[in-house]
Each structure stands twice: as structure tokens, then as C-alpha cells.
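K.L.:
here's my sequence, what's the structure:
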Amino acid sequence: MDGQDLHPHEGEPLIGPSSTEHPLFDSITEALRTVFDPEIPVNIYDLGLVYRIEIDAESNVRVDMTLTAPGCPVAGEMPGWVADAVLAAPGVKTVDVQLVWEPPWGMDRMSDEAKLELGFM
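P.N.:
Numbering: from 1, shown residues only. The predicted structure is shown next:
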């Protein structure tokens, strides 16, 4: 959004901070919970596929997300589903969804609810 370097510098975390204090953050996470990975009966937010939600002062949203695997059959469609869901949240101006592959997704990123739903707890 502001042209900042997306490649982390040595020692910086791979996943940047989300705009958790922004008034739209909760409604955006709820919107993300309406998007499901077609192969897993859990929403993408609780699966841990959303790495970062950045919201600027004008309510433009950037979502950095990954997929369970690079060869995921919906890789081409998922960013559009996510953008549509977030754009439907009241107050959101624009949405930019970026697929990222670092760090790779792992089951440790799932919420306890997702682990329970999938029988891992």
C-alpha cells in the first residue's frame, strides 16, 4: 500500500504486524471466517492461512495469506474469494490480497477451534 519493502531484512520477522487496533479489524476477521478452503471444512482464518491484515487510515486493506500447499487447486481463485469477502465488510474501501509462501504453512498455525474441528485435539 505504501510501497514498503515486502522482503524482510535480516533479523526481521517474516510476518509483519497486523492492524489489530484498527476499528475495522474485527469485522474483517469475521469476513475472513466466511471463506473456506474447499478441501478442509475450516475457514481460512482459523486454519492460520491469513498471515497479516494491514489496514491504513483510509480503510484500504491488504491481506497477506498463504495456502495449505503451493499446488492447492484453488490457488488462482482463493485471493478473489478473500477480496470479495473483505470488501463486503462495512467501511472497507479497497482490498489487496497477496499470496505469500514464506513462512510455509503448518498445522501449528491453526487455532484450537480448527484443531478440535479436524480431530487434532
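K.L.:
was I right to think Ile28 contacts Val92?
P.N.:
Yes - contact criterion Cβ atoms under 8 Å: Ile28 and Val92 qualify, at 6.9 Å. Every residue, glycine included, has its C-beta placed from N, CA and C.
K.L.:
of those two, give the one with the bigger neighbour count.
P.N.:
Ile28 (25 against 19; other Cβ atoms under 10 Å).
K.L.:
can I take it that that one is in a helix?
P.N.:
Yes - assessed with DSSP: H, G, I helix; E, B strand; the rest coil, Ile28 lies in a helix.
K.L.:
sorry, back to before: identify the contacts common to Ile28 and Val92.
P.N.:
Common contacts of Ile28 and Val92 (Cβ atoms under 8 Å, 6 or more residues apart in numbering): Val61, Val86.
K.L.:
and the closest residue to Met121 other than its chain neighbours, backbone torsions?
P.N.:
With Cβ to Cβ, 6 or more residues apart in numbering as the criterion, Met121 has its nearest non-adjacent residue at 4.6 Å, and that residue is Lys115. Per-residue torsions, Lys115: phi -60, psi -40 (degrees, to the nearest 10).
K.L.:
and Leu99, by the same measure?
P.N.:
phi -90, psi 130.
K.L.:
any idea how far Pro103 is from the residue nearest to Met121?
P.N.:
Distance from Lys115 to Pro103, counting by Cβ to Cβ, to the nearest Å: 19 Å.
K.L.:
more crowded one of these two?
P.N.:
Remark: of Lys115 and Pro103, Lys115 carries more neighbours, 16 against 12, as counted by other Cβ under 10 Å.
K.L.:
may I ask which helix or strand of this structure has the lowest mean pLDDT?
P.N.:
helix 112-117 (a mean of 91; mean pLDDT, DSSP states H and E).
K.L.:
what is that one packed up against?
P.N.:
helix 44-47 (3 or more Cβ pairs under 8 Å, 6 or more residues apart in numbering; DSSP states H and E).
K.L.:
what sits against Glu117?
P.N.:
So Glu117 contacts Pro41, Val42, Asp46 (Cβ under 8 Å, 6+ apart).
K.L.:
rerun that using 6 Å as the cut-off
P.N.:
The contact partners of Glu117, by Cβ atoms under 6 Å, 6 or more residues apart in numbering, come to Val42.
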